[in-house]
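**Q** coords please:
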Amino acid sequence: MASNPVANLFRVPELKEKILFTLFILLVYRIGAHITVPGLDVGALREQFGQLQNTFFGIYDMFVGGGLSRATVFALGIMPYISASIMFQLLAAVFPTVEKMQKEGEEGRKKLTQWTRYVTIGLAVVQAYGYSAFLQAIPGAVRAPGFVFVFTTVLALTVGAVFVMWLGEQITERGIGNGMSLLIFFSIIESFPAAVGRTWEAFLLGEIGAFSLVMLLAVVVGVSAGVVAMTMAARKIPVQIPRKVVGRGRIREGQKSFIPLRVNSAGVMPIIFAQSFIVVPGTAAAFFDVPLLRSVADLFQPQTWPYYLTYGLLILFFTYFYTAIIFNPIDLAENLKKQGAFIPGVKPGARTAEYIDRVLTRVTLPGSIYLALIALIPFWIFDWFNITTFFFGGTSLLIVVGVGLDTVQQAQQLLLLRHYDGFMKKGRVKMRGRQRYM
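**A** As a prediction, this is how the structure comes out:
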C-alpha cells in the first residue's frame, strides 16, 4: 500500500523542521501585512483603490497581498528586492562588470547579493516617498498631512521592506527554499478564499447561473493543467561526452546527456512587463486630468480588443526579449567545448551556438503564444459569462503554479537525499559488522 507523501514529509526530522520554520516565517509575514501605517483612514483609502484596480497600483497590490490598498507596514512587500534583482539581470547584458560578478562563483554572487540589498533599500525609500505623497493626495485618507506623516511613513515602509527581504532570505537559507517566491505565492493566494466565497454567494443569489459556474470551474482547472504542462515542457538537445583518460591511466567512459530548453524559459516575467506597459495610460489618466490621456486610457480598457491585441503583442515581444537576456547560447557553446562535449552532427564552437540559438528561437514562439493565451483567456471567459466576483489572471496563475512545482521538487530532493543518507548509514554499519568478524 502506497504511503502518504504528506505524512512522509513530517517523518523526516530535518524536513519537518524546515517546513515548520517556513510556515512560522509566513505567519509573521501575513501578520505584518495587516498592521496599518499610523495616521490613516483605511476606509477612504480602500474607496480610492477601488477605482485603481486596472492601473499599476492594482497589479502591485496583488503581489503584496492587498498590503498597498490597506497601507500596511509591509505595503511594499518583496517587490523592491525583486525589482533590484531584475535590474541587475538586465544590467548584466550591458555592463561587463556585473556579468563578470555573475560568473565569479560564490564570491561574485555574494558581492552581487550585497549590491542588490543596497539597491533594494534605495528603491524602498523612493517608492515609500511616492506612496506617502499618493496617500496625502487622497481626500480624507491622512488625518494630519505634513512632514511628520511623510517621515514616519517612509521609515515604516522602508523598514518593512527590508524586514520582508530578511524573511525571504531566512526561508531560502533555513526553510524549504524559494523564500522570495513563496512570499509572493502566499500574497496572491491570500485573496482566493474570499473570491471563492463571493462567487458562491453570487450563485446562491442567482447572479451567476449554474452553467456559468461550471464553465468557470472548467476554465480554472483546464488553464491550471495547461500551465503545469507548459511549465514542465522542454526541448531536449542531445549532447555527447566522449571517453576521456583521467588520473593514472583511468578511463572515463563516454556519456550521453541532453540540454533542456524550456518552452517557457522566460517564466512569468513577460506578462509582468506587458502589464506594466499596458496600464500606463490608465495610471496616467487617473492622476492627470488631460483629455488626450483619458481618450487613450478609454481605448485601452481591459474589455476592448485594442487592449487584448496590444497586450498579446507585448507578451510576445517581452518573451523573446527576456529569453535573450537570461539565456546566452554563446556561453553555453563555450562551456560544452571546454568540457569536450558536443552536439551530434554539429561542429563545436560558433556552429553549436548558432544551432542552440535557432532551436531556442523556434521553441520560444509556441511558449510566447501560450503565455499570451494564458493571460487573455480569463478576460474572455469572464466577459462572455459576465463573472465579476472571481478573477484569476495569467500572472497570478503562473506564479502560483511555478512556485508550487518548484517547492514540491525541492521537498522531493530533500526526501531523496534523506533516503540516500539512510542507505549510506546502513552500508557503513554493515561494513563495520563485517570487519569485526574478519
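**Q** Look at residue 412 and report its pLDDT.
**A** On pLDDT, residue 412 comes in at 76.
**Q** Point out where this protein drops to low pLDDT.
**A** In the predicted model, the chain carries pLDDT under 70 at residues 1-10, 50-56, 243-254, 282-290, 302, 385-395, 417-438.
**Q** domains of it?
**A** 13-190, 208-392 (automatic domain parsing).
**Q** Name the surrounding residues that touch the helix or strand harbouring residue 274.
**A** Using DSSP states H and E, residue 274 sits in helix 269-278. Helix 269-278 has contacts (CB atoms under 8 Å, 6 or more residues apart in numbering) with 56, 59, 86, 300, 307, 310-311, 314-319, 321-322, 368, 371, 374-375, 394-395, 398. (Each C-beta comes from the backbone N, C-alpha and C, glycine too.)
**Q** So for residue 408, which of the domains of the chain sits nearest?
**A** Across those, residue 408 has its closest neighbour in domain 13-190 (9.9 Å, CB to CB).
**Q** before we move on, the earlier item: comparing the domains of the chain, which comes out most buried?
**A** domain 13-190 (a mean of 18; mean count of other CB atoms under 10 Å).
**Q** what's around the nearest residue to residue 178 once chain neighbours are set aside, how many residues?
**A** Spatial nearest neighbour of residue 178, excluding adjacent residues (CB to CB, 6 or more residues apart in numbering): residue 406 at 5.5 Å. Residues contacting residue 406 under the criterion other CB atoms under 10 Å number 17.
**Q** and the helix or strand containing residue 24, C-alpha only, in PDB?
**A** Taking DSSP H and E as the definition, residue 24 sits inside helix 13-32. Included here for helix 13-32 are C-alpha records, laid out as PDB according to Å, rounded to 0.1, in the frame of the first residue of the first chain:
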ATOM      1  CA  PRO A  13      13.100  15.400  11.200                       C
ATOM      2  CA  GLU A  14      15.200  17.800   9.100                       C
ATOM      3  CA  LEU A  15      12.400  18.400   6.500                       C
ATOM      4  CA  LYS A  16       9.800  18.700   9.300                       C
ATOM      5  CA  GLU A  17      11.900  21.500  10.900                       C
ATOM      6  CA  LYS A  18      12.300  23.300   7.600                       C
ATOM      7  CA  ILE A  19       8.600  23.200   6.800                       C
ATOM      8  CA  LEU A  20       7.600  24.400  10.300                       C
ATOM      9  CA  PHE A  21      10.100  27.100  10.200                       C
ATOM     10  CA  THR A  22       8.800  28.200   6.800                       C
ATOM     11  CA  LEU A  23       5.200  28.300   8.000                       C
ATOM     12  CA  PHE A  24       6.300  30.300  11.000                       C
ATOM     13  CA  ILE A  25       8.000  32.900   8.800                       C
ATOM     14  CA  LEU A  26       5.000  33.100   6.500                       C
ATOM     15  CA  LEU A  27       2.700  33.600   9.600                       C
ATOM     16  CA  VAL A  28       4.900  36.600  10.700                       C
ATOM     17  CA  TYR A  29       4.700  37.900   7.100                       C
ATOM     18  CA  ARG A  30       0.900  37.700   7.000                       C
ATOM     19  CA  ILE A  31       0.600  39.300  10.400                       C
ATOM     20  CA  GLY A  32       2.700  42.300   9.400                       C
END
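**Q** That helix packs against which elements?
**A** Using 3 or more CB pairs under 8 Å, 6 or more residues apart in numbering; DSSP states H and E, the elements in contact with helix 13-32 are helix 5-11, helix 147-174, helix 179-189, helix 394-436.
**Q** Give me the contact list for that helix.
**A** Against helix 13-32 from outside (CB under 8 Å, 6+ apart): 9-10, 65, 72-74, 160, 163-164, 167, 170-171, 174-176, 179, 182-183, 186, 190, 411, 414-415, 418.
**Q** What ranges does the stretch 201-350 of the chain have for its helices?
**A** For the stretch 201-350 of the chain, the helices defined by DSSP state H, counting those that start in this stretch cover 210-232, 269-278, 280-287, 291-299, 305-326, 329-338, 350-384.
**Q** The last one vs helix 329-338, what angle?
**A** Using axes from the mean of the first three to the mean of the last three CA atoms, to 10 degrees, one finds that helix 350-384 and helix 329-338 are set 140 degrees apart in direction.
**Q** and helix 350-384, how far out from the chain's middle?
**A** 17 Å (CA atoms, centre = their mean, to the nearest Å).
**Q** Remind me what it packs against, helices and strands.
**A** helix 210-232, strand 234-241, strand 255-262, helix 269-278, helix 305-326, helix 329-338, helix 394-436.
**Q** Can you check what angle separates it from strand 234-241?
**A** 160 degrees.
**Q** now helix 350-384 against helix 305-326, angle please.
**A** Going by the same axes, to 10 degrees, helix 350-384 makes 150 degrees with helix 305-326.
**Q** same deal with the second one?
**A** Interaxial angle of helix 269-278 relative to helix 305-326 (the same axes, to 10 degrees): 130 degrees.
**Q** What separation do you get for residue 335 and residue 328?
**A** 10 Å (CB to CB, to the nearest Å).
**Q** Show me whatever sits in contact with both of those two.
**A** Shared contacts of residue 335 and residue 328, counting by CB under 8 Å, 6+ apart, come down to nothing at all.
**Q** Run through the helices of the stretch 51-200 of the chain in chain order.
**A** 56-63, 67-70, 79-92, 96-103, 106-137, 147-174, 179-189, 192-204.
**Q** Show me what the last one is packed up against.
**A** Secondary structure elements in contact with helix 192-204, counted by 3+ CB pairs under 8 Å, 6+ apart, are helix 210-232.
**Q** Only C-alpha atoms, please: export the helix it packs on in PDB.
**A** The C-alpha trace of helix 210-232 is given here as PDB (Å, rounded to 0.1, in the frame of the first residue of the first chain):
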ATOM      1  CA  ALA A 210     -25.200  27.000 -12.900                       C
ATOM      2  CA  PHE A 211     -23.800  26.800 -16.400                       C
ATOM      3  CA  SER A 212     -21.500  29.800 -15.800                       C
ATOM      4  CA  LEU A 213     -20.300  28.300 -12.600                       C
ATOM      5  CA  VAL A 214     -19.500  25.000 -14.200                       C
ATOM      6  CA  MET A 215     -17.700  26.800 -17.000                       C
ATOM      7  CA  LEU A 216     -15.700  28.900 -14.500                       C
ATOM      8  CA  LEU A 217     -14.600  25.700 -12.700                       C
ATOM      9  CA  ALA A 218     -13.700  24.100 -16.000                       C
ATOM     10  CA  VAL A 219     -11.600  27.100 -17.100                       C
ATOM     11  CA  VAL A 220      -9.800  27.200 -13.800                       C
ATOM     12  CA  VAL A 221      -8.900  23.500 -13.900                       C
ATOM     13  CA  GLY A 222      -8.100  23.500 -17.600                       C
ATOM     14  CA  VAL A 223      -5.900  26.600 -17.600                       C
ATOM     15  CA  SER A 224      -4.100  25.300 -14.400                       C
ATOM     16  CA  ALA A 225      -3.400  21.900 -16.100                       C
ATOM     17  CA  GLY A 226      -2.100  23.800 -19.200                       C
ATOM     18  CA  VAL A 227       0.200  25.900 -17.100                       C
ATOM     19  CA  VAL A 228       1.600  22.800 -15.400                       C
ATOM     20  CA  ALA A 229       2.200  21.000 -18.700                       C
ATOM     21  CA  MET A 230       3.800  24.000 -20.400                       C
ATOM     22  CA  THR A 231       5.900  25.000 -17.400                       C
ATOM     23  CA  MET A 232       7.500  21.500 -17.400                       C
END
